[in-house]
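A.B. asks: coordinates for the following, if possible.
(one chain, ligands or ions: 1)
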Amino acid sequence: MTQALIELYKVIQDRKDSPKEGSYTNYLFTKGLDKILKKVGEEATEVVIAAKNEDSAELVYETADLLYHVWVLLVEKGIPYEAITEELARREGLISKTTERPEIKNL
Ligand SMILES: N=c1c2ncn([C@@H]3O[C@H](COP(=O)(O)OP(=O)(O)OP(=O)(O)O)[C@@H](O)[C@H]3O)c2ncn1[C@@H]1O[C@H](COP(=O)(O)O)[C@@H](O)[C@H]1O
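C.D. replies: Next up is the predicted model:
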């Protein structure tokens, strides 16, 4: 899972650095930040709708769409994927500590 997401981020970064004809990713970069933000919002809404419809296949499909568009946003904003993986790892550490100390669970 992590590796697939990292590979996807690298392909998106490569499209930004070396635009490719017919690339949907380059279409988004050409349109700019507002278009990318609109897509992130649309895809997030589609995730919510799929979940409410109890359609697992649709939920998987829309989640993949959302993850892709969020990665496009991060590349556009110049945020490396390591910033996300490190933040998740840091939280994993925090959650372990919280589990060991239930008295701070609600913090
Ligand atoms: N993971 C994705 C991916 N997920 C979703 N999409 C595109 O996101 C769009 C979402 O569909 P919509 O109907 O919401 O949007 P649309 O009507 O096509 O476009 P808009 O006019 O709304 O922008 C579709 O065109 C999908 O093809 C993706 N496009 C590309 N990738 C990956 O990105 C990498 C680079 O792809 P290219 O940029 O196409 O070379 C490759 O690894 C691809 O697999």
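
A.B. asks: does any part of stretch 74-93 sit near the ligand?
C.D. replies: No. Using Cβ under 6 Å from any ligand atom, stretch 74-93 never reaches the ligand; the gap is at least 10.7 Å. Glycine gets a C-beta too; all of them are placed from N, C-alpha and C.

A.B. asks: actually stretch 24-35, not the one I typed
C.D. replies: Yes. Against the ligand, stretch 24-35 shows contacts by Cβ under 6 Å from any ligand atom at 24-25.

A.B. asks: now that stretch: how far from the chain's centre is it?
C.D. replies: In this view, stretch 24-35 has its centroid 16 Å away from the chain centroid, taken as Cα atoms, centre = their mean, to the nearest Å.

A.B. asks: which bits of the protein sit near the ligand?
C.D. replies: 8, 11, 15, 20, 23-25, 39, 65, 68.

A.B. asks: among the residues you listed, which lie within helices?
C.D. replies: Assigned to helices by DSSP state H, the following of the residues of the chain next to the ligand qualify: 8, 11, 15, 24-25, 39, 65, 68.

A.B. asks: now those as JSON lines including neighbour count and pLDDT?
C.D. replies: What follows is these, written out as JSON lines (neighbours: other Cβ atoms under 10 Å; pLDDT from 0 to 100):
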{"residue": "8", "neighbour count": "17", "pLDDT": "98"}
{"residue": "11", "neighbour count": "15", "pLDDT": "98"}
{"residue": "15", "neighbour count": "19", "pLDDT": "98"}
{"residue": "24", "neighbour count": "10", "pLDDT": "98"}
{"residue": "25", "neighbour count": "21", "pLDDT": "98"}
{"residue": "39", "neighbour count": "19", "pLDDT": "98"}
{"residue": "65", "neighbour count": "17", "pLDDT": "98"}
{"residue": "68", "neighbour count": "21", "pLDDT": "98"}
